[in-house]
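Asker: fold the following.
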Amino acid sequence: MSQAALRSRLVRWACAVLAPPLAALALYEGLIARAAALQPAFAVRVLSLANDVIELWDLLLLFGTPMLALLAAIALVLWLRRRVGWARALLTLWWLLGAGAAWIVWIDQGDLAWLTPEPAVQARVLEANDVPPRGDDPGGVAVTLGLRGLSVVYLQGARHGSIERCDQLDLRMARGARGRYHYVIAWSVAASAPAAAAEDYSCGANSTPAVEQ
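Answerer: Model prediction:
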(Lines give C-alpha, C1' and ligand atoms only; values in the text may rest on other atoms or scores of the structure.)
Protein backbone atom coordinates (compact mmCIF):
# COMPACT_ATOMS: atom_id res chain seq x y z
CA MET A 1 0.00 0.00 0.00
CA SER A 2 1.42 3.41 -1.03
CA GLN A 3 1.93 6.20 1.50
CA ALA A 4 -0.81 8.29 -0.12
CA ALA A 5 -3.32 5.45 0.15
CA LEU A 6 -2.29 4.78 3.75
CA ARG A 7 -2.61 8.45 4.64
CA SER A 8 -6.04 8.61 3.01
CA ARG A 9 -7.19 5.54 4.93
CA LEU A 10 -5.95 6.93 8.25
CA VAL A 11 -7.77 10.20 7.61
CA ARG A 12 -11.01 8.35 6.85
CA TRP A 13 -10.71 6.30 10.05
CA ALA A 14 -9.86 9.40 12.11
CA CYS A 15 -12.94 11.19 10.75
CA ALA A 16 -15.11 8.15 11.42
CA VAL A 17 -13.85 7.93 15.03
CA LEU A 18 -14.06 11.66 15.83
CA ALA A 19 -17.40 12.39 14.12
CA PRO A 20 -19.78 10.89 16.75
CA PRO A 21 -18.42 12.68 19.87
CA LEU A 22 -17.93 15.93 17.95
CA ALA A 23 -21.52 15.77 16.66
CA ALA A 24 -22.88 15.17 20.18
CA LEU A 25 -20.73 18.01 21.54
CA ALA A 26 -21.88 20.36 18.75
CA LEU A 27 -25.52 19.49 19.51
CA TYR A 28 -24.97 20.16 23.23
CA GLU A 29 -23.25 23.51 22.63
CA GLY A 30 -25.89 24.51 20.07
CA LEU A 31 -28.79 23.77 22.43
CA ILE A 32 -27.05 25.54 25.32
CA ALA A 33 -26.36 28.59 23.17
CA ARG A 34 -29.92 28.72 21.85
CA ALA A 35 -31.41 28.40 25.33
CA ALA A 36 -29.05 31.09 26.66
CA ALA A 37 -30.07 33.46 23.86
CA LEU A 38 -33.70 33.26 24.97
CA GLN A 39 -35.09 34.91 28.08
CA PRO A 40 -34.62 32.99 31.35
CA ALA A 41 -37.08 30.14 31.82
CA PHE A 42 -38.08 28.81 35.23
CA ALA A 43 -39.54 25.32 35.34
CA VAL A 44 -43.01 24.85 36.83
CA ARG A 45 -43.15 21.73 38.98
CA VAL A 46 -46.73 20.63 39.60
CA LEU A 47 -47.20 19.05 43.03
CA SER A 48 -49.25 15.98 42.16
CA LEU A 49 -48.87 12.22 41.99
CA ALA A 50 -49.46 12.34 38.24
CA ASN A 51 -46.54 14.71 37.78
CA ASP A 52 -44.29 12.47 39.90
CA VAL A 53 -45.21 9.57 37.60
CA ILE A 54 -44.31 11.71 34.56
CA GLU A 55 -40.96 12.64 36.10
CA LEU A 56 -40.25 8.98 36.89
CA TRP A 57 -41.11 8.07 33.31
CA ASP A 58 -38.77 10.78 32.01
CA LEU A 59 -36.00 9.43 34.26
CA LEU A 60 -36.54 5.94 32.88
CA LEU A 61 -36.60 7.38 29.37
CA LEU A 62 -33.35 9.25 29.98
CA PHE A 63 -31.40 6.27 31.36
CA GLY A 64 -33.38 3.18 30.38
CA THR A 65 -33.53 3.85 26.65
CA PRO A 66 -29.72 4.22 26.23
CA MET A 67 -29.17 1.05 28.27
CA LEU A 68 -31.54 -0.94 26.07
CA ALA A 69 -29.93 0.61 23.00
CA LEU A 70 -26.47 -0.35 24.29
CA LEU A 71 -27.51 -3.98 24.79
CA ALA A 72 -28.98 -4.04 21.29
CA ALA A 73 -25.80 -2.43 19.93
CA ILE A 74 -23.58 -5.06 21.58
CA ALA A 75 -25.70 -7.82 20.08
CA LEU A 76 -25.43 -6.11 16.68
CA VAL A 77 -21.63 -5.81 17.01
CA LEU A 78 -21.30 -9.50 17.84
CA TRP A 79 -23.37 -10.29 14.76
CA LEU A 80 -21.37 -7.90 12.54
CA ARG A 81 -18.02 -9.27 13.80
CA ARG A 82 -18.59 -12.48 11.91
CA ARG A 83 -19.28 -10.62 8.66
CA VAL A 84 -17.08 -7.52 8.56
CA GLY A 85 -14.51 -8.11 11.30
CA TRP A 86 -13.83 -6.53 14.67
CA ALA A 87 -12.64 -3.13 13.42
CA ARG A 88 -15.80 -2.18 11.54
CA ALA A 89 -18.02 -3.82 14.12
CA LEU A 90 -16.46 -1.71 16.89
CA LEU A 91 -16.71 1.40 14.71
CA THR A 92 -20.43 0.68 14.30
CA LEU A 93 -20.75 0.42 18.10
CA TRP A 94 -18.91 3.73 18.45
CA TRP A 95 -21.35 5.43 16.10
CA LEU A 96 -24.31 3.98 17.97
CA LEU A 97 -22.85 5.26 21.24
CA GLY A 98 -22.54 8.68 19.63
CA ALA A 99 -26.20 8.54 18.61
CA GLY A 100 -27.10 7.55 22.18
CA ALA A 101 -25.11 10.51 23.54
CA ALA A 102 -26.95 12.86 21.16
CA TRP A 103 -30.27 11.41 22.36
CA ILE A 104 -29.37 12.05 26.01
CA VAL A 105 -28.30 15.61 25.15
CA TRP A 106 -31.63 16.25 23.41
CA ILE A 107 -33.67 14.83 26.30
CA ASP A 108 -31.67 16.84 28.85
CA GLN A 109 -31.28 20.17 27.03
CA GLY A 110 -33.70 20.26 24.10
CA ASP A 111 -36.77 21.26 26.09
CA LEU A 112 -35.53 24.81 26.69
CA ALA A 113 -34.19 25.37 23.18
CA TRP A 114 -37.61 25.70 21.49
CA LEU A 115 -40.21 27.22 23.81
CA THR A 116 -43.77 27.78 22.63
CA PRO A 117 -45.40 30.85 24.23
CA GLU A 118 -48.68 30.34 26.09
CA PRO A 119 -51.30 32.84 27.30
CA ALA A 120 -50.33 34.96 30.31
CA VAL A 121 -51.86 33.93 33.62
CA GLN A 122 -52.13 35.19 37.18
CA ALA A 123 -51.37 33.08 40.21
CA ARG A 124 -51.48 33.74 43.93
CA VAL A 125 -48.42 33.09 46.07
CA LEU A 126 -49.29 30.55 48.75
CA GLU A 127 -45.73 30.39 50.10
CA ALA A 128 -42.47 32.21 49.36
CA ASN A 129 -39.01 31.12 50.51
CA ASP A 130 -35.79 33.00 49.83
CA VAL A 131 -33.03 30.79 48.41
CA PRO A 132 -29.48 31.95 49.27
CA PRO A 133 -26.73 32.06 46.62
CA ARG A 134 -24.70 28.89 46.21
CA GLY A 135 -21.83 28.41 43.78
CA ASP A 136 -22.97 29.49 40.31
CA ASP A 137 -26.56 29.86 41.54
CA PRO A 138 -27.25 33.55 42.32
CA GLY A 139 -30.15 32.61 44.58
CA GLY A 140 -33.72 33.78 44.27
CA VAL A 141 -37.18 32.98 45.60
CA ALA A 142 -38.97 29.62 45.53
CA VAL A 143 -42.71 30.19 45.38
CA THR A 144 -45.65 27.84 45.78
CA LEU A 145 -48.47 28.98 43.51
CA GLY A 146 -52.14 28.22 43.03
CA LEU A 147 -51.41 27.27 39.41
CA ARG A 148 -52.50 24.01 37.75
CA GLY A 149 -53.36 22.80 41.25
CA LEU A 150 -50.33 23.51 43.39
CA SER A 151 -47.03 24.32 41.69
CA VAL A 152 -43.53 25.25 42.81
CA VAL A 153 -41.40 27.63 40.75
CA TYR A 154 -37.86 28.68 41.60
CA LEU A 155 -37.54 32.27 40.33
CA GLN A 156 -33.78 32.42 40.08
CA GLY A 157 -32.36 35.91 40.43
CA ALA A 158 -35.41 37.36 42.19
CA ARG A 159 -34.42 39.74 45.01
CA HIS A 160 -34.94 38.37 48.50
CA GLY A 161 -38.08 39.81 50.02
CA SER A 162 -39.43 40.94 46.64
CA ILE A 163 -42.21 38.33 46.76
CA GLU A 164 -44.38 37.66 49.80
CA ARG A 165 -47.17 35.29 50.67
CA CYS A 166 -50.54 36.40 49.27
CA ASP A 167 -48.93 38.43 46.47
CA GLN A 168 -50.50 38.08 43.05
CA LEU A 169 -48.04 37.33 40.23
CA ASP A 170 -48.48 38.11 36.55
CA LEU A 171 -46.81 35.25 34.68
CA ARG A 172 -45.82 34.81 31.05
CA MET A 173 -45.73 31.10 30.34
CA ALA A 174 -44.20 28.86 27.68
CA ARG A 175 -44.30 25.15 26.89
CA GLY A 176 -41.11 23.16 26.39
CA ALA A 177 -40.19 21.54 23.08
CA ARG A 178 -41.22 18.08 24.30
CA GLY A 179 -44.61 19.40 25.41
CA ARG A 180 -44.66 17.97 28.94
CA TYR A 181 -43.18 20.79 30.95
CA HIS A 182 -44.18 24.42 31.33
CA TYR A 183 -41.94 27.36 32.15
CA VAL A 184 -42.27 30.89 33.49
CA ILE A 185 -40.40 33.17 31.08
CA ALA A 186 -41.34 36.50 32.69
CA TRP A 187 -43.02 37.51 35.92
CA SER A 188 -44.00 40.56 37.95
CA VAL A 189 -45.87 41.25 41.15
CA ALA A 190 -49.34 42.57 40.30
CA ALA A 191 -49.93 46.17 41.33
CA SER A 192 -52.77 45.12 43.61
CA ALA A 193 -54.16 41.73 44.54
CA PRO A 194 -57.89 41.20 43.93
CA ALA A 195 -60.25 41.44 46.88
CA ALA A 196 -60.79 37.69 46.71
CA ALA A 197 -57.24 37.23 47.98
CA ALA A 198 -58.36 38.13 51.48
CA GLU A 199 -60.60 35.06 51.49
CA ASP A 200 -57.95 32.69 50.16
CA TYR A 201 -56.68 29.80 52.25
CA SER A 202 -53.11 31.09 52.10
CA CYS A 203 -54.16 34.47 53.49
CA GLY A 204 -55.72 33.22 56.69
CA ALA A 205 -59.17 31.83 55.91
CA ASN A 206 -60.11 28.18 56.33
CA SER A 207 -61.21 27.60 52.76
CA THR A 208 -59.61 25.44 50.08
CA PRO A 209 -56.93 27.24 48.05
CA ALA A 210 -58.18 28.59 44.74
CA VAL A 211 -56.83 27.04 41.55
CA GLU A 212 -56.12 29.64 38.90
CA GLN A 213 -55.54 28.88 35.26
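
Asker: check contacts around residue 144.
Answerer: 47, 125-128, 150-152 (C-beta atoms under 8 Å, 6 or more residues apart in numbering). Quick note: C-beta positions are derived from backbone N, CA and C, even for glycine.

Asker: if you set the cut-off to 10 Å instead, what comes out?
Answerer: For residue 144, the contacting residues are 45, 47, 123-129, 150-153, 165, 202, 209, by C-beta atoms under 10 Å, 6 or more residues apart in numbering.

Asker: need the three-state assignment for it.
Answerer: Three-state assignment for residue 144 (DSSP: H, G, I helix; E, B strand; the rest coil): strand.

Asker: tell me what it is bridged to.
Answerer: Beta-bridge partners for residue 144, by DSSP bridges, are residue 127, residue 152.

Asker: of the contacts of residue 144, select the buried ones using a PyMOL command.
Answerer: PyMOL command restricting these to the buried ones, with burial defined by 16 or more other C-beta atoms under 10 Å:
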select buried, resi 45+123+124+125+126+128+150+151+152+153+202+209
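
Asker: which one of the contacts of residue 144 is nearest to residue 26?
Answerer: Comparing the contacts of residue 144 against residue 26 with C-beta to C-beta places residue 45 closest, at 30.5 Å.

Asker: right, and the closest one touches residue 181 too?
Answerer: Yes - in this structure, residue 45 is within contact of residue 181 by C-beta atoms under 10 Å, at 8.6 Å.

Asker: picking up where we left off before, nearest to residue 171, of the contacts of residue 144?
Answerer: residue 123 (6.0 Å).

Asker: tell me how far the strand or helix carrying the closest one is from the chain's mean position?
Answerer: Taking DSSP states H and E as the criterion, residue 123 maps to strand 116-131. A distance of 18 Å separates the centroid of the chain from that of strand 116-131, by C-alpha atoms, centre = their mean, to the nearest Å.

Asker: give the other helices and strands that it contacts.
Answerer: Here strand 116-131 touches strand 140-145, strand 151-156, strand 168-175, strand 182-189, going by 3 or more C-beta pairs under 10 Å, 6 or more residues apart in numbering; DSSP states H and E.

Asker: quick one, which of those gets closest to residue 92.
Answerer: Smallest distance to residue 92 across the helices and strands packed on strand 116-131 (C-beta to C-beta): 37.2 Å, for strand 168-175.

Asker: tell me which strands the closest one pairs with, and in which orientation.
Answerer: strand 116-131 (antiparallel), strand 182-189 (antiparallel).
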